[in-house]
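In: next input, structure requested:
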Amino acid sequence: MSMHALDDQHFDHDLATIRIKNLRLRTHIGIKEDEIKNRQDVVINAVIRYRADKAVEFNHIEQALNYRTITKQVIALVEDHRFLLLERMTREVLDLIMSHEPVLTAQVEIDKPHALRFSDSVSITLSETREPRRPR
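Out: Numbering: from 1, shown residues only. Take a look at the predicted model:
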């Protein structure tokens, strides 16, 4: 995939983008009897944006958004709960990510592989934005 060239006016140089790619988990998801009894694969992708100026300046983990912590929380949420709908699971993962105060925007896509015959997967995507707080 090629990126379009943008001049500096299009970038906010203090915003970092974290991408969690293809987090493969197993959970109870669905409404059919076999889905209720058996865990199924889901694949989670998330895009998280936060203001990273302090992390860049000071180079300390305490100044950065800890994506490892977020990922562990997502794993626990998804693997330890049952979901009837993919929409509900996606919303709960998004809410968990947005509960971290530094997060300005997040987008979560969750795929349910082999949910439909003749299809690789079905996915739901949800996103949320909060007003950025400018440093004083």
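In: any stretches of this structure with poor pLDDT?
Out: Within the chain, the segments meeting pLDDT under 70 span 1-13, 56-58, 60, 132-136.
In: helices and strands around the longest strand seen in it, which ones?
Out: Of all the segments of type strand in the chain, defined by DSSP state E, the longest one is strand 15-29. Here strand 15-29 touches helix 33-37, strand 40-51, helix 67-80, strand 82-83, helix 86-98, going by 3 or more Cβ pairs under 8 Å, 6 or more residues apart in numbering; DSSP states H and E. Every residue, glycine included, has its C-beta placed from N, CA and C.
In: mind running it again at 7 Å?
Out: Applying 3 or more Cβ pairs under 7 Å, 6 or more residues apart in numbering; DSSP states H and E, we find strand 15-29 packed against strand 40-51, helix 67-80, strand 82-83.
In: pick the most deeply packed of the ones you listed.
Out: strand 40-51 (a mean of 19; mean count of other Cβ atoms under 10 Å).
In: just how off-centre is that one within its chain?
Out: The chain centre lies 2 Å from the centre of strand 40-51; the measure is Cα atoms, centre = their mean, to the nearest Å.
In: direction included, what does that strand pair against?
Out: Applying DSSP bridges, strand 40-51 is found paired with strand 15-29 (antiparallel), strand 103-113 (antiparallel).
In: for the shortest one, which positions count as buried?
Out: Using 16 or more other Cβ atoms under 10 Å as the test for burial, strand 103-113 gives 103-112.
In: next one: the first one
Out: Buried residues in strand 15-29, defined by neighbour count with 16+ other Cβ under 10 Å: 16, 18, 20, 23, 25, 27-29.
In: spatially central residue for this structure, please.
Out: The chain has residue 46 as the residue nearest its centroid, 2.7 Å off, counting by Cα atoms, centre = their mean.
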